[in-house]
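A.B. asks: Sequence and predicted structure are below.
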Amino acid sequence: MVRYVIKRLLWMIPIALGVAILVFTLMTATPGDPAQTLLGATATETDLAAKREELGLNDPYFVRLGDYLTNVFIKFDLGASWVTSVDIMDTIAVRMPRTLVLTIVTLIIAFGLGIPLGVMAATHQNKWQDSIAMVLAMIGVAIPNFWLALLLISLFSVKLAWLPPMGIEMGLVSYILPALSNCTGALANCARQTRSSMLDVIRADYITTARSKGVPERSVIYKHALKNAMIPIITAAGGAFGHLLGGAMIIETIFNIPGMGTYIIGSLNNRDYPVVQGGTIFLALAFSLLMLLVDLLYAAVDPRIKAQYAGKKRKKVKANA
Amino acid sequence: MPETKTAAAPVQQKAKKKSEFMRVMRQLSKNKLAMVGLAILIIEILLALLAPYIIPYDYAKMDVVNAFQTPSAAHLFGTDDTGRDIFSRVLYGGRYSITTGILAVLISLVPGIVIGAIAGYFGGQVDNIIMRILDIIQAIPGMLLMIVIASVLGPGFFNTIIALSISSIPGSARMLRAQMLKERENEYIEAAQSINCSKFRIIFSHLLPNCMSPMIVSSTMGVAQTITMAAGLSFIGLGIQPPTPEWGAMLSDARQFMDQAPHLIIFPGLAIAITVLALNFLGDGLRDALDPKLKN
């Protein structure tokens, strides 16, 4: 188990390296002169040349890439923003928690509603409850999050004035609308996944056994069946997290939440390359860590998977069998 | 089943292919939701194609006197801040959104299939290297990757399509690879190898056709997702730019007038949602029709 975790953690180094090279190359390929953007249209040619020299833009691609990788992976320094000169790591430390809060609140809403909805659909298969749940899920997938955001703002902020339309001044309350607008896709997927994995489990013999022992129906469904149906649902949660993180980029710009999304998108517009690079590497690492956590969660839920992670010995036995 | 396919004479094979297509269509026609989805899509495509003959007003014509009209008989969906007719713009916008979705997915399928086929057929080290590269690309959240690529390419209709298709390559490659890995264990592949079929031929005329079902389903759903993402890109100003009547760009325009004219937000978004819903209905139906095993 520990070996497995270490292997996965080590594997994150090449991932981060690859992401760094990829984003750096993409930024180099971006047309336009960052010096011009930074200094504005009125800058003189000598100022521009000096700025380019200062930013190291005159060096060949491989020299700059080498410098960047050395800074990031050996000195653990993402550098400073070209625009504000503020250290990028410091900014991420402030902004990442906000993006995480948004994503986690969204995930809680999505799975808090999605799992019961899916269970209801599965326990009432082919009845009206099932149809309604599945139609709702279909609609949930179809609604674009940025459109729902606009609709929710115009209802709850403009018309009813219940919730703030932007900013995070009101603490968790300010995350309600953003999370609601971002959750529909994940909610729908979770409901569908729960339904189908519950349907797989619900006809198993041990469920019949539990019922015939006189276990109350509620406990049969939630304790016996749902527990075994959890693995595909956790997979869905892991995938959803990545999706929500991506969706948060747009949601943050709409609600003006100063998180990672507004940071990176704003920096793209300002040609603030170190921020885009640093932010992307950081998010990719966070995402990989999360996937590892999801895999570990499987092991916690399913002892059979834990045995697989345990090491080679076990695998050999399996191969012989 | 596949064994008989390769053994059959060419004529029979053709007949069989046709009947397979008919079987899928028959199966699909029994699925009410899929038919509804298909009908909506056909109507939408017709409306978009015939838009110049249907629209009551020029989609770009400004008419400031009639700005911010709420929906009425004269302006079915109302008018925007410069008095342009929203109904005409939404119909015209279908051209951009639907084309973007379909083209982006089609373009991404070509490299996706080639990469996936190579990884899936050859396996071993080749597969390992390709998969690790895909791992790196997919470590970046999809929407973020698309935003970065879109900003590298710059805004515009074709650049948006390219950005969308580049970011969906890893997904389709991965999917095809998984399918190939399963399919290549079949005996008919061993048979093909034993009669010295070239690798190219095994991959493209034996394996690929048998791997297509999930690809068709995921591409249908992919078009839906791509339409949403394209609208999202335009919405944050990185995709198709206003005054082009693309649905996302229209929403982005409408945002600033949210408190005075909420109807501006409703129709372009509704158009996106209905299109995506229809595509998902169709995709679900196709999945059931193509692979009876996957049902439920």
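C.D. replies: Right, received. Where do you want to start? Small disclaimer: the values here were computed from a predicted structure and weren't measured.

A.B. asks: Per-residue confidence at residue 23, what does it come out as?
C.D. replies: Going with chain A. A:V23 is assigned a predicted lDDT (pLDDT) of 90.

A.B. asks: Please refer instead to chain B.
C.D. replies: 79.

A.B. asks: same thing with A:L268?
C.D. replies: You'll see A:L268 listed with a pLDDT of 86.

A.B. asks: what do you get for B:E3?
C.D. replies: Reported pLDDT for B:E3: 46.

A.B. asks: which parts of the helix or strand A:G279 falls within are buried?
C.D. replies: When elements are assigned from DSSP states H and E, A:G279 belongs to helix A:273-301. Neighbour counts over helix A:273-301 (16 or more other C-beta atoms under 10 Å in any protein chain shown) mark A:273-288, A:290-292, A:294-299, A:301 as buried. Every C-beta, even on glycine, is put in place using the N, C-alpha and C of the backbone.

A.B. asks: ok, now stretch A:47-67?
C.D. replies: A:L48, A:K51, A:R52, A:L55, A:L57, A:R64, A:L65.

A.B. asks: how would you label the fifth one: helix, strand or coil?
C.D. replies: Right, A:L57. coil (DSSP: H, G, I helix; E, B strand; the rest coil).

A.B. asks: quick one, what contacts it?
C.D. replies: Residues in contact with A:L57 (C-beta atoms under 8 Å, 6 or more residues apart in numbering or on different chains) are A:P34, A:A35, A:R64.

A.B. asks: same question, the second one
C.D. replies: A:K51 makes contact with A:A35, A:L38, A:L39, A:A43 under the criterion C-beta under 8 Å, 6+ apart.

A.B. asks: what do you get for the first one?
C.D. replies: If a contact means C-beta under 8 Å, 6+ apart, then A:L48 has A:D33, A:A35, A:Q36, A:L39 as its contacts.

A.B. asks: Swap in 7 Å and give it another go.
C.D. replies: A:A35, A:Q36, A:L39 (C-beta atoms under 7 Å, 6 or more residues apart in numbering or on different chains).

A.B. asks: Just the buried residues of stretch A:47-67: which are in strands?
C.D. replies: In strands, defined here by DSSP state E, there are no members of these.

A.B. asks: Which of these fall within helices?
C.D. replies: Among the buried residues of stretch A:47-67, the members found in helices (DSSP state H) are A:L48, A:K51, A:R52, A:L55, A:R64, A:L65.

A.B. asks: Against chain B, how distant is the last one?
C.D. replies: Spelled out, it's A:L65. 15 Å (C-beta to the nearest C-beta, to the nearest Å).

A.B. asks: my guess is that residue meets A:F24, correct?
C.D. replies: Yes. Look at A:L65 against A:F24 with C-beta atoms under 7 Å: they come within range, at 5.6 Å.

A.B. asks: count of residues packed around B:S218?
C.D. replies: 21 (other C-beta atoms under 10 Å in any protein chain shown).

A.B. asks: er, B:V65 actually
C.D. replies: Neighbours of B:V65 (other C-beta under 10 Å): 8.

A.B. asks: Look up the closest residue to it, ignoring the ones flanking it.
C.D. replies: Leaving out its chain neighbours, the residue that sits closest to B:V65 by C-beta to C-beta, 6 or more residues apart in numbering or on different chains is B:G83, at 6.6 Å.

A.B. asks: what about the one you found, helix or strand, and which?
C.D. replies: Applying DSSP H and E, one finds B:G83 in no helix or strand.

A.B. asks: Over to B:S252?
C.D. replies: helix B:247-254.

A.B. asks: What of B:T70?
C.D. replies: With DSSP H and E as the test, B:T70 turns up in no helix or strand.

A.B. asks: Ok, B:V148 next?
C.D. replies: helix B:142-153.

A.B. asks: Pull out the buried residues from the contacts of A:L48.
C.D. replies: A:A35.

A.B. asks: Can you get me a residue count around residue 70?
C.D. replies: No chain was given, so I picked chain A. Using other C-beta under 10 Å: A:T70 sits among 11 other residues.

A.B. asks: nope, chain B please
C.D. replies: B:T70: 12 neighbours (other C-beta under 10 Å).

A.B. asks: Contact partners for the nearest residue to it once chain neighbours are set aside?
C.D. replies: Leaving aside its chain neighbours, B:T70 sits nearest to B:G78 (5.1 Å; criterion: C-beta to C-beta, 6+ apart). Neighbouring residues of B:G78 by C-beta under 7 Å, 6+ apart: B:Q69, B:T70, B:P71, B:I86, B:H263.

A.B. asks: Which residues are in contact with the nearest residue in space to the fourth one that is not next to it in sequence?
C.D. replies: Yep, that's B:I86 we're talking about. Nearest non-adjacent residue to B:I86, counting by C-beta to C-beta, 6+ apart: B:F77, 3.8 Å away. B:F77 sits next to B:P71, B:I86, B:F87, B:V90, B:F267 when contact means C-beta under 7 Å, 6+ apart.

A.B. asks: follow-up on the earlier one: also near chain B: which of the buried residues of helix A:273-301, exactly?
C.D. replies: A:V276, A:T280, A:L283, A:A284, A:F287, A:S288 (C-beta under 7 Å from any C-beta of the partner chain).

A.B. asks: residues contacting the second one?
C.D. replies: Right, A:T280. A:T280 neighbours (C-beta under 7 Å, 6+ apart): A:V19, A:V23, A:I264, B:I140, B:L144, B:V148.

A.B. asks: Quick check: the farthest pair among those?
C.D. replies: A:V19 and A:I264 (13.2 Å; C-beta to C-beta).

A.B. asks: which among the buried residues of stretch A:47-67 gets closest to chain B?
C.D. replies: Using C-beta to the nearest C-beta, A:L65 comes nearest to chain B of the buried residues of stretch A:47-67, at 15.4 Å.

A.B. asks: residues from the stretch 151-296 of chain B in reach of chain A?
C.D. replies: By C-beta under 7 Å from any C-beta, the residues of the stretch 151-296 of chain B that approach chain A are B:151-152, B:154, B:228, B:231-232, B:235-236, B:251, B:255, B:258-259, B:262, B:265, B:269, B:272-273, B:276-277, B:280, B:296.

A.B. asks: change it to 8 Å
C.D. replies: When proximity is defined by C-beta under 8 Å from any C-beta of the partner chain, the stretch 151-296 of chain B lies next to chain A at B:151-152, B:154, B:224, B:228, B:231-232, B:235-236, B:238, B:248, B:251, B:254-255, B:258-259, B:262, B:265-266, B:268-269, B:272-274, B:276-277, B:280-281, B:296.

A.B. asks: Take those residues and keep only those in helices.
C.D. replies: B:151-152, B:224, B:228, B:231-232, B:235, B:248, B:251, B:254, B:265-266, B:268-269, B:272-274, B:276-277, B:280-281.

A.B. asks: Which of those residues are buried, as a PyMOL select command?
C.D. replies: Per 16+ other C-beta under 10 Å, the buried members of these correspond to this PyMOL selection:
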select buried, chain B and resi 151+152+224+228+231+232+235+248+251+254+265+266+268+269+272+273+276+277+280+281
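
A.B. asks: Residues of the stretch 151-300 of chain A that sit close to chain B?
C.D. replies: So far as C-beta under 8 Å from any C-beta goes, the stretch 151-300 of chain A lies against chain B at A:151, A:153-154, A:158, A:196, A:199, A:242-243, A:245-247, A:249-250, A:253-254, A:261, A:264-265, A:268-269, A:276, A:280, A:283-285, A:287-288.
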